[in-house]
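Student: Provide a 3D model corresponding to the input given below.
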Amino acid sequence: MRIFIIPFLFLLFLLPSPNAQAKIIRVPADSSCIQCAINGAVDGDTVLVARGHYYERINFLGKAILVTSNFIFDNDTTTIDSTIIDGDSLVGDTGSVVVFVSREDSSSVIKGFTIRNGIGTLDESGYRNGGGIYCLFSSPTISHNLIKGNSAISGTGGAICCDVASRPIVRNNLIIANSAIYGGGIFCLLVSSPTISNNSILNNSAVSYGGGICCVEYSAPLIDSNSIIGNSAFAGGGICCMYYSPPTITNNAILGNSAESYGGAIYCAGNSSSTIRNNTLIKNFANYGGGIYCDHSSPTINNNIILTSLQGEGILCEYESYPRICYNNVWNNADGNFFGCPIGVGDTTWGINFNGTPCDSFYNIIRDPLFIDTITFELLCNSPCIDAGDPSIYVPIDSGGCRIDMGTHEYSYILGDANSDGTITPKKPRGGAVNIGDVAYIINYLFVNGPSPCPYHAADPNCDGWANIADAVCLINYLFVGGPLPCGF
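Tutor: Got it, this is the predicted structure:
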């Protein structure tokens, strides 16, 4: 048997693998235009585009290829700025700058370009959609691009339109100064659920709904860790979700967006029960609901910081909206912090939370969040938002806190490091951050009127909500008697 197996294996070794067929097609060295290179490419190929200004519009034709600039090699954003795909009308009135309309998946990738001056793909109703990029039944990867100055003036998705069951990965892009009727930045329609992460979505505008992002008709995008700033619309300056669309909106900085009418930062309407968690909403404004406006919708709103709406309420609930509003800090909004919300929301005479801060029966607080600055909006160690979040939500592994915080940024500290002389990174080894000095610090605080630990729960290694003698005993037991680690280690 072995005499037959060995020659067979030898033949397999000589046969080229599918990846061995992949090639790099250079533009303009090997091909005169980007679309020409795509036409000649096969799955697995790379179309590598040199710096330059390319007046064309491109179609991926269903191919699993990477179309990229030299950014993949130099990681230099000036390469993005100087490798331009321009859909200017000089090349004819043909629509979007980039289209994915042949059921492309995530292996179809566009990366490292400036994409500009598109006017959208014309549909059968006469509307234009996806000024910069149009996806239909397609789920490509769109990353590290500058998508700027595109429009869908009679339709949807100034920068990107995700149409009919499209689920692209949209990450690490700068999406700026695009416009449309719906979804000035990104529009999601008909069961389209893209992953929208780590983008800067700035100064886009919509005549009607969703200046930054708009999702409608059963679309459920994941909108995570983006900066959504300075966008504008009639309703939903930052984000709009309507008609049974339940996006998950997490860890975003949503700042300075505006709506002529409803929902400066976020507008939820038409049975769109979104999850809105761990976001920071600041200085947004609208006539109604400068922060969040709910219309016939009942989203879950928790662990957010919503403050300083320049006009409108922090959270406004109308027309049979029954959102679950818990563990938020809603503070200093122009027309009040809560209006029309479920009974008990905002009544901070109810009691105190884990930090001893007055809260309502849903653990919402009304306090200055105490930021380090107005650029990053990270929390000071004495912020009332630290450890004030929903205890049912997992604390990030690199945080070390007793509970998750409110807002976008988790404050990292080591439980038991009462004098805060340690470091959270790297997590292991701890480098002796918890030691006898922390025991002394707790005793000094409790009995000699010493300074308060900052954050407070750094001196609460048993996580019972209070820094007391039991915590000193916990540390002594851990340090000298082989006792258990402080909780959260």
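
Student: Can you get me the start-to-end distance on stretch 243-257?
Tutor: Terminal residues of stretch 243-257 are spaced 22 Å apart (C-alpha to C-alpha, to the nearest Å).

Student: how near is Gln21 to Gly44?
Tutor: Using C-beta to C-beta, to the nearest Å, Gln21 is found at 7 Å from Gly44. No exception for glycine: its C-beta is placed from N, CA and C like everyone else's.

Student: Name the residue in these two with the higher neighbour count.
Tutor: Using other C-beta atoms under 10 Å as the criterion, Gln21 and Gly44 rank with Gly44 on top: 16 against 11.

Student: Tally up the residues packed near Asp373, please.
Tutor: With other C-beta under 10 Å as criterion, Asp373 counts 8.

Student: Need phi/psi at Thr300.
Tutor: Dihedral angles of Thr300 (phi, psi; degrees, to the nearest 10) stand at phi -100, psi 120.

Student: That one: neighbour count?
Tutor: Neighbour count of Thr300, defined by other C-beta under 10 Å: 16.

Student: With Ser420 instead?
Tutor: Other residues close to Ser420 by other C-beta under 10 Å number 17.

Student: Check Asp74 too.
Tutor: Asp74 - counted by other C-beta under 10 Å - has 11 other residues nearby.

Student: what sits up against stretch 61-76?
Tutor: The contact list for stretch 61-76, computed with C-beta atoms under 8 Å, 6 or more residues apart in numbering, reads 34, 37-39, 41-51, 58, 60, 77, 79-80, 83, 102-105, 107-113, 144.

Student: what helix or strand is Tyr218 on?
Tutor: Using DSSP states H and E, Tyr218 sits in no helix or strand.

Student: and Pro391, that's in a strand?
Tutor: No. Using DSSP: H, G, I helix; E, B strand; the rest coil, the assignment for Pro391 is coil, not a strand.

Student: burial count for it?
Tutor: Using other C-beta under 10 Å, Pro391 has 14 neighbouring residues.

Student: what do you get for Lys111?
Tutor: 18.

Student: Now for it: which residues touch it?
Tutor: Lys111 makes contacts with Leu66, Val67, Thr68, Ser69, Phe71, Ile72, Thr141, Ile142, Ser143, His144, Asn145, as judged by C-beta under 8 Å, 6+ apart.

Student: For it, grab phi and psi.
Tutor: phi -150, psi 130.

Student: now it, which residues is it bridged with?
Tutor: Listed by DSSP bridges, the beta-bridge partners for Lys111 are Thr68, Ser143.

Student: And it, how close does it get to Thr46?
Tutor: 10 Å.

Student: again with Tyr267
Tutor: 41 Å.

Student: got it, and Gly62?
Tutor: For Gly62 relative to Thr46 (C-beta to C-beta), the value is 17 Å.

Student: who has more neighbours, those two?
Tutor: Ranked by neighbour count (other C-beta under 10 Å), Gly62 and Thr46 place Thr46 first, with 18 against 15.

Student: I'd guessed the more buried one sits against Arg26; true?
Tutor: No. Assessed by C-beta atoms under 8 Å, Thr46 is found out of contact with Arg26, at 9.2 Å.

Student: Contacts only, for Ser361.
Tutor: Ser361 is in contact with Gly344, Asp347, Trp350, Gly351, counting by C-beta under 8 Å, 6+ apart.

Student: burial count for Gly351?
Tutor: Gly351, neighbours per other C-beta under 10 Å, totals 11.

Student: Is it bridged to anything, and to what?
Tutor: Under the criterion used (DSSP bridges), Gly351 bridges to Cys359.

Student: Renumber starting at 12 from here on
Tutor: Renumbered: residue one is now 12, and that last one reads Gly362.

Student: and it, how far is that from Asp371?
Tutor: Plainly put, Gly362 is 8 Å away from Asp371 if you go by C-beta to C-beta.
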